[in-house]
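Undergrad: structure for the following, please:
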Amino acid sequence: MVWHGKRTVRTALVAIGLGLLLAAVPAVAGASPALGVVVSANPANFTPNVASGAVHKFVQIGGTMYAGGTFGSVSTAPGVSPGGTFTRNNIVAFNATSGVIQPFAPNVAGEVWALAASGTSLYVGGTFTTVNGVARRGIVKLNATSGAVDTAFNANLASGIVTDAAVVGGRLIIAGTFPGRLRALNLSTGANTGYINVAITGTVAGNAGPTQVYRIAVNPAGTRLVGVGNFTSVGGQTRWRAFMLDLGAASATVNGWWYQPLQNMCAASSLPDYVKDVDFSPDGSWFAMVATGFVPQAGGVGRDVCDATARFETNVANPFRPTWINYTGGDTLHSVAATDVAVYVQGHQRWLNNPQGQNSPGPGAVSRPGIGAISPTSGLALSWNPTKERGIGGKDLYVTSQGLWVGSDTDLIGGETHRRIALMPVP
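TA: Got it, this is the predicted structure:
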């Protein structure tokens, strides 16, 4: 454990508990809702199966769940009627309570990484340049029932890809590698509204790939945005790997939040762009991020977010340390969902509570293959342990009132076969 005041390293991870009361605030802008309980470790039986590839993102509209990723066919679960196997090009829609696959079947000619919804419209982001044969680079607006392209919407991205999206304040905010890396688009036309006009520049290392905002999270009130990715400057201010914006009425501005140790490298120089996902709590008072990068370098335990989950307080502008860090001991985490009673994490990890491990279970480590849950207050792993095939590591955890939706690249979770899509229901 790391006691931040004394900066001493103990043999077990013990995190600082704040004893905060987390209000059950509706998820206005896409943050995970408060569930009041930890979800079941027994997966629901009705979810569809994706034979190969991966599911990268979910979004729900009414009673329909949409899943995007990289795949070519989807089949119903055993016992679901009407059943069958259906061609679906990187996106599928299914009934969120029965698992019945819907007729919605647009031809998305590339990986889907981002999904967002407004009314009966579905915004799809990814690596594609055409959808249904219509030229649309990176972002497209679809009719959520028919799958038809809304030709009035065109962001006219000159280059790059879209890796995340959110509808906030009547605008579509997109993130990725395209020019500007973060834009707020008009929901009807796709035009750049100019609402976000902050330069995002730099690279954390020569081998980190293009400058990008990889993932974003918006608080329930729609007033704060946290972005993570590969950059070193935002709006002319030093911001390595993570930043926060204030979302005002007329424009977005850079918030003073900044965790300086994100300038530090983890032990794996081959993984310099190491922060992989972020999510706000249901009340917006804190957020959690997950990372790859292998273990911290010497002296970094308790400070550096390397193969770890970390909690930060939204209104603490320059934290000396995260509220807590929970380390895997050398395995990547790819996705996070923060609820009132659990911070769910997913990757190809073997353990949690493992600050002294290095590809091994150190003192206090607990086995949590592929998926796990952490107490929001103590920062220690909860007993919840469905187990999951590890694979590369799933890229999305999506919380609804039904429970935790798990998008991944593997077949087994909770001792059952659920290929690429699983629901861990509210008990």
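Undergrad: give me the neighbour count for Asp164.
TA: Asp164 has 25 neighbouring residues, counting by other Cβ atoms under 10 Å. C-beta coordinates here come from the backbone N, C-alpha and C atoms, glycine included.
Undergrad: and the nearest residue to it once chain neighbours are set aside, what does it touch?
TA: Leaving out its chain neighbours, the residue that sits closest to Asp164 by Cβ to Cβ, 6 or more residues apart in numbering is Ala175, at 4.4 Å. Shown in contact with Ala175 (Cβ atoms under 8 Å, 6 or more residues apart in numbering): 114, 162-165, 181-182, 212-216, 227, 229.
Undergrad: so Gly190 makes contact with Asn154?
TA: Yes. Assessed by Cβ atoms under 8 Å, Gly190 is found in contact with Asn154 at 4.8 Å.
Undergrad: more crowded one of these two?
TA: Remark: of Gly190 and Asn154, Gly190 carries more neighbours, 22 against 19, as counted by other Cβ under 10 Å.
Undergrad: so that one is in which element?
TA: Gly190 is part of no helix or strand when elements are defined by DSSP states H and E.
Undergrad: how close does Leu115 sit to Trp405?
TA: Distance from Leu115 to Trp405, counting by Cβ to Cβ, to the nearest Å: 12 Å.
Undergrad: find residues that contact each of those two.
TA: Counting by Cβ under 8 Å, 6+ apart, the shared contacts of Leu115 and Trp405 are Phe58.
Undergrad: any chance of the backbone angles for Gln260?
TA: Gln260 adopts backbone torsions of phi -60, psi -40, taken as degrees, to the nearest 10.
Undergrad: confidence score at it?
TA: On pLDDT, Gln260 comes in at 98.
Undergrad: before we move on, what about Ala31?
TA: On the pLDDT scale, Ala31 is placed at 79.
Undergrad: could you do Val50 as well?
TA: 98.
Undergrad: pLDDT weak spots in this protein?
TA: 1-30 (pLDDT under 70).
Undergrad: switch to 50 and redo it
TA: Low-confidence segments of the chain (pLDDT under 50): 1-28.
Undergrad: can you pull out the helices in the chain?
TA: Shown for the chain, no helices are assigned by DSSP state H.
Undergrad: surely Gly209 and Asn230 touch.
TA: Yes. When contacts are counted by Cβ under 8 Å, Gly209 is listed as touching Asn230 (6.2 Å).
Undergrad: which one's more surrounded, these two?
TA: Taking other Cβ under 10 Å, Gly209 and Asn230 do not tie; Asn230 has more neighbours (24 against 15).
Undergrad: distance of the closest residue to that one other than its chain neighbours from Ala175?
TA: Among residues not flanking Asn230 along the chain, Asp273 sits closest, at 4.2 Å (Cβ to Cβ, 6+ apart). Here Asp273 is placed at a distance of 14 Å from Ala175 (Cβ to Cβ).
Undergrad: shared neighbours, the two?
TA: Joint contacts of Asp273 and Ala175 (Cβ under 8 Å, 6+ apart) are 214, 229.
Undergrad: can you count the residues close to Val112?
TA: If we define neighbours as other Cβ under 10 Å, then Val112 has 27 of them.
Undergrad: all strands of the stretch 101-250 of the chain, in order?
TA: Using DSSP state E, counting those that start in this stretch, the strands of the stretch 101-250 of the chain run over 112-118, 121-126, 130-131, 134-135, 139-143, 162-168, 171-176, 182-186, 200-201, 212-218, 224-230, 233-234, 237-238, 242-247.
Undergrad: is it possible to get a markdown table of the ones you listed that adds distance to Thr410?
TA: Formatted as a markdown table, those follow (distance: least, Cβ to Cβ, whole Å):
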| stretch | distance to Thr410 |
| --- | --- |
| strand 112-118 | 18 |
| strand 121-126 | 21 |
| strand 130-131 | 28 |
| strand 134-135 | 33 |
| strand 139-143 | 28 |
| strand 162-168 | 21 |
| strand 171-176 | 26 |
| strand 182-186 | 31 |
| strand 200-201 | 33 |
| strand 212-218 | 21 |
| strand 224-230 | 24 |
| strand 233-234 | 35 |
| strand 237-238 | 38 |
| strand 242-247 | 28 |
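Undergrad: only alpha carbons, please: show stretch 194-209 as CSV.
TA: Coordinates of the C-alpha atoms in stretch 194-209 are reproduced here as CSV (Å, rounded to 0.1, in the frame of the first residue of the first chain):
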residue,chain,number,x,y,z
GLY,A,194,-16.9,26.1,-33.2
TYR,A,195,-18.0,25.4,-29.7
ILE,A,196,-14.7,23.5,-29.0
ASN,A,197,-11.8,25.6,-30.2
VAL,A,198,-8.8,24.4,-28.1
ALA,A,199,-5.6,23.3,-29.8
ILE,A,200,-4.7,19.7,-29.0
THR,A,201,-1.1,19.0,-29.9
GLY,A,202,2.1,17.0,-29.2
THR,A,203,2.9,13.4,-28.8
VAL,A,204,4.1,11.6,-25.6
ALA,A,205,6.8,9.7,-27.5
GLY,A,206,8.0,9.1,-31.1
ASN,A,207,6.4,5.7,-31.1
ALA,A,208,3.0,6.8,-29.7
GLY,A,209,1.3,7.1,-33.1
